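A.B. asks: how would this look folded up:
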Amino acid sequence: MLERCYFPLCWKTAVVVPIPKPDQNLELPQNYRPISLLSSLSKVYESVLLKRLNQFLDKNYIISEQFGFRKNLFTSHRMLRKLIFDGIAKSETTGALFLDVAKAFDKIWYDGLLAKLMRLSCSAQLIKNGWLVGV
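C.D. replies: The predicted structure is shown next:
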């Protein structure tokens, strides 16, 4: 399956269970958080693919300043690091205020992501049959 870059369509199907947010009016849909239950096999396979993709990108293409959507790295860490270094360079006291972008993953431009993967020489087979197809 890895060699063919195949991800079965049935593994992309989830059962969505609404989980109520604590202390909220349960009559309003926005007060529920959707949890997607996927096939255990798909989660294991996804984990293997993600590990391989991250190793490839870390060695070849991701710049050290890229913090978003990377394991154990957060955009707030990148911003804080820049503020601290800039403050030190100017001998200034440094403060920071951070805002979290709600549903950031939902705002990904998938066509752009797929185009970037192609520019990075990711397997066309992986892109064509991969996990992102059909999202």
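
A.B. asks: and the strands in this protein?
C.D. replies: Using DSSP state E, the strands found in the chain span residues 15-20, 32-37.

A.B. asks: now the ones you listed as CSV including mean neighbour count?
C.D. replies: Where C-beta positions appear, they are placed from N, C-alpha and C, glycine not excepted. Listed next are those as CSV, based on neighbours: other CB atoms under 10 Å:
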stretch, mean neighbour count
strand 15-20, 10
strand 32-37, 10
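
A.B. asks: could these go into JSON lines alongside mean pLDDT and distance to Arg52?
C.D. replies: Formatted as JSON lines, the strands of the chain follow (pLDDT from 0 to 100; distance: least, CB to CB, whole Å):
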{"stretch": "strand 15-20", "mean pLDDT": "95", "distance to Arg52": "27"}
{"stretch": "strand 32-37", "mean pLDDT": "93", "distance to Arg52": "23"}
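
A.B. asks: so which of the ones you listed comes closest to Arg119?
C.D. replies: Arg119 lies closest, by CB to CB, to one member of those: strand 32-37, at 29.6 Å.

A.B. asks: need the contact list for the closest residue to Val15 other than its chain neighbours.
C.D. replies: Of all residues not flanking Val15 in the chain, Leu37 sits nearest, at 4.4 Å (CB to CB, 6 or more residues apart in numbering). Counting by CB atoms under 8 Å, 6 or more residues apart in numbering, Leu37 touches 14-17.

A.B. asks: try 7 Å
C.D. replies: By CB atoms under 7 Å, 6 or more residues apart in numbering, the residues touching Leu37 are 14-15, 17.

A.B. asks: still on that earlier bit, so which of the strands of the chain comes closest to Trp109?
C.D. replies: Once the strands of the chain are compared by CB to CB, strand 32-37 is nearest, at 21.2 Å.

A.B. asks: export the strands of the chain to a markdown table and tack on distance to Lys59?
C.D. replies: Below are those laid out as a markdown table (distance: least, CB to CB, whole Å):
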| stretch | distance to Lys59 |
| --- | --- |
| strand 15-20 | 36 |
| strand 32-37 | 31 |
